[in-house]
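can you look at this prediction? I've put the sequence above it.
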Amino acid sequence: MSRELAIRLRGAVKRYGPITAVDGLDLDVPYGTCVGLLGPNGAGKSTTMRLLTAQAIADEGELQVLGFRLPEESKQARALCGVVPQLDNLDVTLTVEQNLLVFAHLYRISRAERHEAVERAVRMANLAHRRADRVDKLSGGMRRRLLIARALVHRPQLVLLDEPTVGLDPQVRQELWALIDALRAEGTTILMSTHYIEEAQRLADSVVIMSHGNSVAVGPPAELVATHAGRQAVEVYGPPAKLVEVEAEAEAAGFRTRRTGTSVSVLGIEGADGRAPEGERRPANLEDVFVLLTGEEIE
Amino acid sequence: MTVTAVRTARAARLGRLERPALTGVLVREIVNYSSYWRSATFSSTVEPTIYLLAFGFGFGSLVSRVAGYDYVEFVGTGVVATAVLFSSAFPAMFGTFVKYKFQRTYDAILAAPVDTEELVTAEALWMALRAGVYGCVPLLVAIAFGLDPSWGMLTVPLIAFLAGFGWACFGITIAGFASSIENFSYVVSAVLTPLFLVAGTFFPLTKLPRWAQIAGEFNPLHHCVELVRHAAFGWDVWDPARVGALLFFAIVVWRVAIYAMTRKLVD
């Protein structure tokens, strides 16, 4: 049993017929940290989340959540976890308060503490003024905030956020980021899957880049960028023939490159002096790392 | 002891079919019920009552006595089983399917410390409770139209609860195996309607061919009809066996429902 790790996966495999959704994944989430699972759709992020709540059972591997072995002791682990699903599954005909009350019961909060727990969650979701409104009358952002508050109603030790801001407009996303950031500041352990680079970069202490069901790189975002893409990149735009030429020249000069639709990014150009091609300079980012390591594009 | 240690100690005791888990799911149903009780009560009570009025007074004007009872009394007691079926099997089929497929309610519940066994059991208990209450409505209507009340009728909610639990589990099982909601038509037409018609609600099974009478003894709805009738008019020596048959049906379909839903909800 691991005392330092809230989540410990070793060689986790999950197959759906001929498809291997999670393929030998190792994952460590230390207590008190926010770890981001970053990857495109189909990378195995949501399946990993389902494995952690025993809503999917691994075909192979060792899984531990909060020191409990899965799937045998999953119920004990779930009592101490909060889960924010990717898809809204609130009871839409119930009010904000009723939704929270139901989950206060499901998470076994004692009668004496229940009222306070619901109050705290309502305040956290910033929905005190809408507490008596039915969920189907709320905006998308409010519903998302309520989903997060519902997962926190019992003050969990670990929060699993599955694509918490997917499909939301930028303003609502910012609001949710503030909410997640506050949780992180309180020391709550968070595992968050996302396919938004900016989300992972802003919120995660450590990022696990996933591709085809496995992790291809792990580390703090800045460290991953520095290790794999350097500090600076230059973006060169032009017709396809010119991009091919730039790519070839850069690679011949020992630079790593990646295609970004209408441009080529030449990476690690700091200290390259005159050897770097002419173009728009920018800091290297996590997307560069992701594309370099997986060959796939993400948002 | 720290809060975490207390929580961990409490969590370590978690087992199967725990009361807090069952209560949590039941609370969700009760709170939800407050938003749809009117329509649920309407459909679960009006339909059997219409059957009672139509058959009891329509058909009853042609047939005065059946199996030694006034026809209105015969149907009034029999329709309790219809109310039980309508308030358990049907909502269980459709409600379960909608909750896991469209509303994803069960995903939310299973992320909490609740397992599929507890989820299915609590859902079935809730529908059985409703069946226990709604099942009494036709009896009350029949009393209003002249059925003599008896002490034995006080057991009708229990009979309806037991039968309702079995039929709710049957409905959950169907939802667990169905790949689309359209599949329910087959079950309603090929299973529930025949069982409903040969339960002894509207005519005694003794009027059917011998093979149909034997088949009827395997119909849980028939045992519900007979038990309610005997509760109203006097117990029969075979009634404990009928309770046993309903209990057997309930236990078997309960386990099958858990299997079906686990298969559906856990990958």
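Okay, I see it. Residues are numbered from 1 along each chain as shown, chains lettered A, B, ... in the order given.

what segments of the chain are helices?
Here I'm looking at chain A. Assigned by DSSP state H, chain A shows helices spanning A:45-52, A:74-79, A:96-106, A:111-124, A:140-152, A:170-185, A:197-203, A:221-229, A:240-252, A:286-294.

not quite, go with chain B.
B:3-12, B:19-53, B:71-97, B:105-110, B:116-134, B:136-144, B:156-177, B:184-187, B:193-197, B:210-216, B:220-233, B:239-265.

other SSEs contacting the shortest one?
When contacts are defined as 3 or more C-beta pairs under 8 Å, 6 or more residues apart in numbering or on different chains; DSSP states H and E, helix B:184-187 packs onto helix B:71-97. Every residue, glycine included, has its C-beta placed from N, CA and C.

only the buried residues of the helix it packs on, if you could.
Residues B:71-93, B:95-97 are the ones in helix B:71-97 that count as buried (16 or more other C-beta atoms under 10 Å in any protein chain shown).

per-residue pLDDT, B:S179?
On pLDDT, B:S179 comes in at 88.

please report the distance of it from B:K101.
10 Å (C-beta to C-beta, to the nearest Å).

what about the two, which has more around it?
Neighbour count, other C-beta atoms under 10 Å in any protein chain shown: between B:S179 and B:K101, B:K101 has more, with 16 against 8.

quick one: residues contacting that one.
Each residue near B:K101 by C-beta atoms under 8 Å, 6 or more residues apart in numbering or on different chains is listed here: B:I181.

just the pLDDT for it.
89.

the residue nearest to A:L179 when sequence neighbours are not counted: how many residues sit nearby?
Nearest in space to A:L179, with sequence neighbours left out and distances taken as C-beta to C-beta, 6 or more residues apart in numbering or on different chains, is A:I148 at 6.0 Å. Residues contacting A:I148 under the criterion other C-beta under 10 Å number 20.

you'd agree A:I148 is up against A:D162?
No: at 11.4 Å, A:I148 and A:D162 do not qualify as touching, with contact defined as C-beta atoms under 8 Å.

roughly how far does the residue nearest to A:L179 sit from A:T48?
Counting by C-beta to C-beta, the gap from A:I148 to A:T48 is 19 Å.

so which residue is smack in the middle of the chain?
By default, I'm working from chain A. By C-alpha atoms, centre = their mean, chain A has its centre lying nearest to A:S193, at 2.4 Å.

um, chain B though
Centroid-nearest residue in chain B: B:G164, 2.1 Å away (criterion: C-alpha atoms, centre = their mean).

who touches it in this structure?
B:G164 makes contact with B:84, B:87-88, B:127-132, B:135, according to C-beta under 8 Å, 6+ apart.

at 7 Å what do you get?
Contacts for B:G164 (C-beta atoms under 7 Å, 6 or more residues apart in numbering or on different chains) come out as B:84, B:87-88, B:127-128, B:131-132, B:135.

of all those residues, which two lie farthest apart?
Between any two of those, the greatest separation by C-beta to C-beta is 11.5 Å, found for B:M127 and B:G135.

so what's residue 82 closest to, chain neighbours aside?
All of this refers to chain A. A:A151 (3.3 Å).

not quite, go with chain B.
In space, B:T82 is closest to B:P48, 4.7 Å off (C-beta to C-beta, 6+ apart).

touching, the one you found and B:L139? I think so.
No: using C-beta atoms under 7 Å as the test, B:P48 is too far from B:L139 to be in contact (9.9 Å).

quick one: neighbours of A:R258, just the number.
With other C-beta under 10 Å as criterion, A:R258 counts 20.

I meant to write A:A185 there.
9.

gap between it and A:N214?
A:A185 sits at a distance of 31 Å from A:N214 (criterion: C-beta to C-beta).

please apply the same query to B:C224.
Taken as C-beta to C-beta, the span from B:C224 to A:N214 is 55 Å.

higher neighbour count, these two?
Between B:C224 and A:N214, counting by other C-beta under 10 Å, B:C224 is the more crowded of the two (33 against 19).

separation between that one and B:G58?
23 Å.

buried ones in stretch B:206-213?
Neighbour-count burial for stretch B:206-213 [16+ other C-beta under 10 Å]: B:Q213.

chain center to it, what's the gap?
25 Å (C-alpha atoms, centre = their mean, to the nearest Å).

could you dump that stretch to PDB, C-alpha only?
Provided in PDB are the C-alpha atoms of stretch B:206-213 (Å, rounded to 0.1, in the frame of the first residue of the first chain):
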ATOM      1  CA  THR B 206     -60.400 -23.200 -14.200                       C
ATOM      2  CA  LYS B 207     -62.200 -22.200 -17.400                       C
ATOM      3  CA  LEU B 208     -59.100 -22.600 -19.400                       C
ATOM      4  CA  PRO B 209     -57.700 -25.900 -20.900                       C
ATOM      5  CA  ARG B 210     -55.800 -28.000 -18.500                       C
ATOM      6  CA  TRP B 211     -52.400 -27.100 -20.000                       C
ATOM      7  CA  ALA B 212     -53.100 -23.400 -19.600                       C
ATOM      8  CA  GLN B 213     -54.200 -24.000 -16.000                       C
END
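
what residues does that stretch touch?
B:198, B:205, B:216.

quick one: contacts for A:R134?
Neighbours of A:R134 in contact, by C-beta under 7 Å, 6+ apart: A:92-95.

okay, the helices of chain A in CSV with distance to A:Y31 and mean pLDDT next?
Compiled in CSV, the helices of chain A are given as follows (distance: least, C-beta to C-beta, whole Å; pLDDT from 0 to 100):
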stretch, distance to A:Y31, mean pLDDT
helix A:45-52, 15, 93
helix A:74-79, 14, 94
helix A:96-106, 24, 95
helix A:111-124, 21, 93
helix A:140-152, 17, 91
helix A:170-185, 13, 86
helix A:197-203, 17, 86
helix A:221-229, 20, 88
helix A:240-252, 43, 84
helix A:286-294, 24, 84
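
A:A132: which of those is closest?
Closest approach to A:A132 among these is made by helix A:96-106 (6.6 Å; C-beta to C-beta).

now check the closest one, is it near chain B?
Yes: residues of helix A:96-106 contacting chain B under C-beta under 7 Å from any C-beta of the partner chain: A:98, A:101-103, A:105-106.

nearest to A:P156 among the residues you listed?
Using C-beta to C-beta, A:F103 is the member of the residues of helix A:96-106 next to chain B that lies nearest A:P156, at 11.2 Å.

how many neighbouring residues does the closest one have?
For A:F103, the count of nearby residues is 29 (other C-beta under 10 Å).

I figured it hits A:R150, correct?
Yes: here A:F103 lies in contact with A:R150, judged by C-beta under 7 Å, at a distance of 5.0 Å.

residue 183: neighbour count?
The chain I'm using is chain A. Taking other C-beta under 10 Å as the criterion, the count of residues near A:L183 is 21.

that's the wrong chain, I meant chain B
Neighbour number of B:N183 under other C-beta under 10 Å is 15.

before we move on, what about B:R104?
16.

what separation is there between it and A:A241?
50 Å.

so what's whichever residue of the stretch 151-267 of chain B sits closest to chain A up against?
Chain A sits closest to B:D267 of the stretch 151-267 of chain B, with a gap of 3.9 Å, by C-beta to the nearest C-beta. By C-beta under 7 Å, 6+ apart, the residues touching B:D267 are A:50, A:55-57.

confidence score at B:L246?
96.

what does A:E163 give?
So A:E163 comes in at 87 (pLDDT).

what's the closest non-adjacent residue to it?
In space, A:E163 is closest to A:Q86, 4.3 Å off (C-beta to C-beta, 6+ apart).

just to check, the one you found is in contact with A:T47?
No: using C-beta under 7 Å, A:Q86 makes no contact with A:T47, being 11.5 Å away.

the two: who's more crowded?
The neighbour comparison of A:Q86 against A:T47 (other C-beta under 10 Å) goes to A:T47, with 25 against 17.

got the contact list for stretch A:12-29?
Taking C-beta under 7 Å, 6+ apart as the rule, stretch A:12-29 contacts A:5-11, A:35, A:44, A:47-48, A:51, A:56, A:58-61, A:63, A:189, A:191, A:208, A:212-215.
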